[in-house]
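Trainee: Provided below for reference: sequence and predicted model.
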Amino acid sequence: MNAKLDSGVTTRPVTRQTYDEVLVPTYAPAAMIPVRGAGLDVWDQEGKHYLDFTSGIAVSSLGHCNPVLVDAMTRQINTVWHLGNGYTNEPVLRLGAALTEATFADRAFFCNSGAEANEAALKLARKYAHEKFGPHKSRIVSCYASFHGRTLFTVSVGGQSKYTEGFEPLPPQINHINYNDIASARAAIGDDVAAVIVEPIQGEGGVIPGDIDFLKTLRELCDQTGALLVFDEVQSGVGRTGALYDYMNVGITPDILTSAKALGNGYPIGAMLTTEAIAQHLNVGSHGTTYGGNPLATTVALNVIEQINQPAFLARVRDASARVFAKLEQLAADYPALFAKPRGKGLLIGLPMALEQKGRAKDYTKVAEKLGLMLLIAGPDVVRLAPALIVSDAQIDEADRIMRAAADQFSAG
Ligand SMILES: *Cc1c(COP(=O)(O)O)cnc(C)c1O
């Protein structure tokens, strides 16, 4: 065995406290450390079982260690890992073909995360606007409470000041409007706008579906001004809302679409999709990334798309969604002092805390976690559910049972 591996670095005991000692404290992870997953089942270091309704923040849509993905990955791992951008590879070509066939897009650019996909989209929109209209056309319009990633550009475009404070100076020429506010969209989108970026359903901002009329207005204003409409489908994409991408549900086609999260089911990959004419503005050398489109990531994504983009699979997502909504509506009705009416689409669902429980979503999810159910929050006031899309009726019923038990304990203080 390799001497270095033999020295114990790979096997030394680690605990939640190790996190506080050696990692940069950007997160506040749960007390338990998950060590194994299969489907929606997760086990921690103590062997305790959890039902996972987080999917690693809407990522592992086909479940943990999905056997088809494990098999495809294992074969690719024994074939070739990485080649660099001086060479293309078969999986990336197949993935590009699959995604352009399945969507409005003619061209795909691959990277490693949602932030990078949005970074690529915004850079492309700027370059397109500058080359087509001139350097005055550079403004970016985005929505308050939106989330587009954590690079300095994408975090500035995201409309949450808590994520930009302390990182100034921020890139200029970025304006924010209220989500679903048509009047402020009309006021903000003028001839100097290069791009309007929007989540068709706001995820991190509290699981808020976009109004069709609002999204339609954005499309019209972009058409009138020559701005490009970017749909950030990093969270809403890859089957999560019951269509391959949510733009298909709302019937409004963007100029650029970004995808990540569930695209790799947990293996890092991001994608920017666009049309032929727009893609031509990112010519050789103008943008790139070392790992983008590498054979491992694209093999996983190809097999993810192959499994999810099936009419029967997407129909089941919509059926599962109806069952979760029915359960949550009943839960909110039975616990009106705790919860307000659920909202969302497909299996991206927000359960707002009642007014008198403002700011306590995290406290509630901690109780549920103790009882064996992993849940997310979307801001301080909203419990977020994003189970794997393969969730069974029995698992939905079990989650409902635990949420009720947690509600009882939470009410009891
Ligand atoms: C998670 C998310 C991102 C950022 O993706 P990363 O992979 O974390 O960079 C961007 N946009 C939306 C809508 C997201 O939900």
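Mentor: Thanks, I have it. For clarity, every value in this text was computed on a predicted model and none was experimentally measured.

Trainee: for the record, mean pLDDT for the longest helix along the chain?
Mentor: Assignment by DSSP state H gives helix 311-334 as the longest helix of the chain. Helix 311-334 shows a mean pLDDT of 98.

Trainee: buried set for it?
Mentor: Using 16 or more other C-beta atoms under 10 Å as the test for burial, helix 311-334 gives Leu314, Arg316, Val317, Ala320, Ser321, Val324, Phe325, Lys327, Leu328, Leu331, Ala332. Glycine gets a C-beta too; all of them are placed from N, C-alpha and C.

Trainee: pick out the most distant pair among these.
Mentor: Among these, the pair separated by the greatest distance (C-beta to C-beta) is Leu314 and Ala332, at 26.5 Å.

Trainee: quick one, helices of the stretch 1-150 of the chain?
Mentor: With DSSP state H, counting those that start in this stretch applied, the stretch 1-150 of the chain shows helices at 3-4, 16-22, 55-58, 67-77, 90-102, 114-133, listed in chain order.

Trainee: revised request: answer the last question for the stretch 251-400 of the chain.
Mentor: Under DSSP H, counting those that start in this stretch, the stretch 251-400 of the chain gives helices at 276-279, 295-308, 311-334, 361-370, 393-411.

Trainee: where in the chain is pLDDT low?
Mentor: Where the chain drops to pLDDT under 70, the residues are 1-6.

Trainee: middle-most residue in it, spatially?
Mentor: Centroid-nearest residue in the chain, with C-alpha atoms, centre = their mean: Gln235, separated by 2.4 Å.

Trainee: wait, Asp44 touches Pro34, no?
Mentor: Yes. Counting by C-beta atoms under 8 Å, Asp44 touches Pro34, with 5.5 Å between them.

Trainee: now do the shared contacts for those two.
Mentor: Common contact partners of Asp44 and Pro34 (C-beta atoms under 8 Å, 6 or more residues apart in numbering): Tyr50.

Trainee: gap between the longest helix of the chain and the chain center?
Mentor: Remark: helix 311-334 is offset 20 Å from the chain centroid, using C-alpha atoms, centre = their mean, to the nearest Å.

Trainee: tell me which other helices or strands it touches.
Mentor: The elements that helix 311-334 packs onto, with contact taken as 3 or more C-beta pairs under 8 Å, 6 or more residues apart in numbering; DSSP states H and E, are strand 348-352, helix 393-411.

Trainee: near the ligand, which residues of the protein show up?
Mentor: 113-115, 118, 147-149, 199, 203-204, 232, 234-235, 260-261 (C-beta under 6 Å from any ligand atom).

Trainee: can you flag which of those belong to strands?
Mentor: Members of these lying in strands (criterion: DSSP state E): Asp232.

Trainee: so which of the residues of the chain next to the ligand comes closest to Met353?
Mentor: Among the residues of the chain next to the ligand, and counting by C-beta to C-beta, the member closest to Met353 is Glu204, at 16.4 Å.

Trainee: pick out the residue in the stretch 101-250 of the chain sitting closest to the ligand.
Mentor: Residue of the stretch 101-250 of the chain nearest the ligand, by C-beta to the nearest ligand atom: Gly114 (2.3 Å).

Trainee: which ones are touching that residue?
Mentor: Counting by C-beta under 8 Å, 6+ apart, Gly114 touches His148, Gly149, Asp232, Val234, Gln235, Thr258, Ser259, Ala260, Lys261, Gly270.

Trainee: bridging residues for the third one?
Mentor: The reference is to Asp232. Assessed by DSSP bridges, Asp232 has beta-bridge partners Thr258.

Trainee: so it touches Ile256, yeah?
Mentor: No. The criterion here is C-beta under 8 Å, and Asp232 misses it with Ile256 at 9.4 Å.

Trainee: more neighbours, the two?
Mentor: When Asp232 and Ile256 are compared for neighbours, Asp232 comes out ahead with 32 against 27, by other C-beta atoms under 10 Å.

Trainee: mind listing what the more buried one touches?
Mentor: If you count contacts by C-beta under 8 Å, 6+ apart, Asp232 has them with Gly114, Asn118, Ala121, Ser146, His148, Ile197, Val198, Glu199, Thr258.

Trainee: then Asn89?
Mentor: Counting by C-beta under 8 Å, 6+ apart, Asn89 touches Val80, Leu83, Gly293, Asn294, Pro295, Thr298.

Trainee: switch the cut-off to 7 Å
Mentor: Asn89 makes contact with Leu83, Pro295, according to C-beta atoms under 7 Å, 6 or more residues apart in numbering.

Trainee: any idea how far Leu348 is from Leu51?
Mentor: Distance from Leu348 to Leu51, counting by C-beta to C-beta, to the nearest Å: 18 Å.

Trainee: same question for Glu276.
Mentor: Taking C-beta to C-beta as the measure, Glu276 falls 45 Å from Leu51.

Trainee: same question, Gly114
Mentor: Noted for Gly114: a distance of 26 Å to Leu51, by C-beta to C-beta.

Trainee: also His176?
Mentor: Here the distance between His176 and Leu51 works out to 37 Å (C-beta to C-beta).

Trainee: got the contact list for Pro387?
Mentor: Leu40, Phe53, Ser55, Leu347.

Trainee: if we use 6 Å, what do you get?
Mentor: Going by C-beta atoms under 6 Å, 6 or more residues apart in numbering, Pro387 touches Phe53, Leu347.

Trainee: phi first, then psi, for it.
Mentor: phi -70, psi 160 (degrees, to the nearest 10).

Trainee: thanks a lot, catch you later.
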